[in-house]
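# Sequence first, predicted model second:
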Amino acid sequence: SKLDCEVAVVDDPTAFEVQIETSSVQVGDQAGVDQPDPPDTGAEEETAKECIPDLCLGHYVIESQDDLHGIVQCESIEGDLVIEGQGSWLTGIDLPCLTAVGGFLRIDDNDSLTQVDGLANLTDTGDGLHIAGNELLTHLDGLSRLTSVGGDLNIEHNDALVHLDGLSSLQSVGGYLDIE
């Protein structure tokens, strides 16, 4: 993209005027030909407003869609996050703002869970991570930014899990590592 600025000084030396014109050139367009800017959908601004920059205090046990929706804005959870024993309503975990769980993250025995892509910004679990008994979970790609597990890391009895590539950024595990 290109930015054109014009500065005009008026008679008052302390005053000035700036006019900014923007345009963008897309790949394949003729260089120097101005294209209209795409319409502002507000999507980026809306996403930024949705996340709560502060810590969400306490422990969270997810037992319904409403429970999950209630923490969708949390950037960090002070205590444990337990998503366990959920039926057909839970096919994925969508917590796009979540970067850290201060306690334990437990994702266990969720009959219809196929992916955890909605945890894509998670970088740290303070006390541990347990993912077990999710029979339809096929991959952990949503954990690709996870760098640290403060306690034990247990991944077991996820029969459809075909690879662990989603854990490629993991740098430290503070306790036991158990993968079955």
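That came through fine.

# In a helix, P53, correct?
No. In this structure, P53 is strand, not part of a helix, as judged by DSSP: H, G, I helix; E, B strand; the rest coil.

# ok, the residue nearest to it when sequence neighbours are not counted - contacts?
The spatial neighbour of P53 that comes closest, neighbours along the chain excluded (C-beta to C-beta, 6 or more residues apart in numbering), is E75 at 5.7 Å. (Each C-beta comes from the backbone N, C-alpha and C, glycine too.) If you count contacts by C-beta atoms under 8 Å, 6 or more residues apart in numbering, E75 has them with C51, I52, P53, D54, L55, C56, C97, L98, T99, A100.

# Looking at those residues, state which has the most neighbours.
The most crowded member of these, judged by other C-beta atoms under 10 Å, is L98 (25 neighbours).

# Need the per-residue pLDDT for that residue.
The per-residue pLDDT reported for L98 equals 95.

# Not counting its neighbours along the chain, what's nearest it?
That would be L122: by C-beta to C-beta, 6+ apart, it lies 5.5 Å from L98.

# got the contact list for that neighbour?
L95, L98, T99, A100, V101, L105, G142, L143, R145, L146.

# quick one: it and E135, what's the gap?
Relative to E135, L122 is positioned 22 Å away (C-beta to C-beta, to the nearest Å).

# coming back round to it: name the member of the contacts of L122 with the most neighbours.
Counting by other C-beta under 10 Å, top hit in the contacts of L122: V101 with 28 neighbours.

# list the contacts for that residue?
S76, I77, D80, L81, L122, D124, T125, G126.

# For the last one, which residues are in contact?
Listed by C-beta under 8 Å, 6+ apart, the contact set of G126 reads A100, V101, G102, G103, F104, G150, G151.

# Against D111, how distant is the residue nearest to L98?
On the measure of C-beta to C-beta, L122 and D111 end up 23 Å apart.

# again with L136
Relative to D111, and taking C-beta to C-beta, L136 is found at 7 Å.

# okay, now the residue lying closest to D165 once chain neighbours are set aside: neighbour count?
Nearest non-adjacent residue to D165, counting by C-beta to C-beta, 6+ apart: D141, 6.6 Å away. D141: 17 surrounding residues under other C-beta under 10 Å.

# so D141 makes contact with V162?
No. Checked against C-beta atoms under 8 Å, the pair D141 and V162 is beyond contact range at 10.8 Å.

# Give me the phi and psi for the closest residue to E135 other than its chain neighbours.
Once flanking residues are discounted, E135 sits nearest to D159: 5.1 Å by C-beta to C-beta, 6+ apart. As for D159, its main-chain torsions (degrees, to the nearest 10) stand at phi -60, psi -30.
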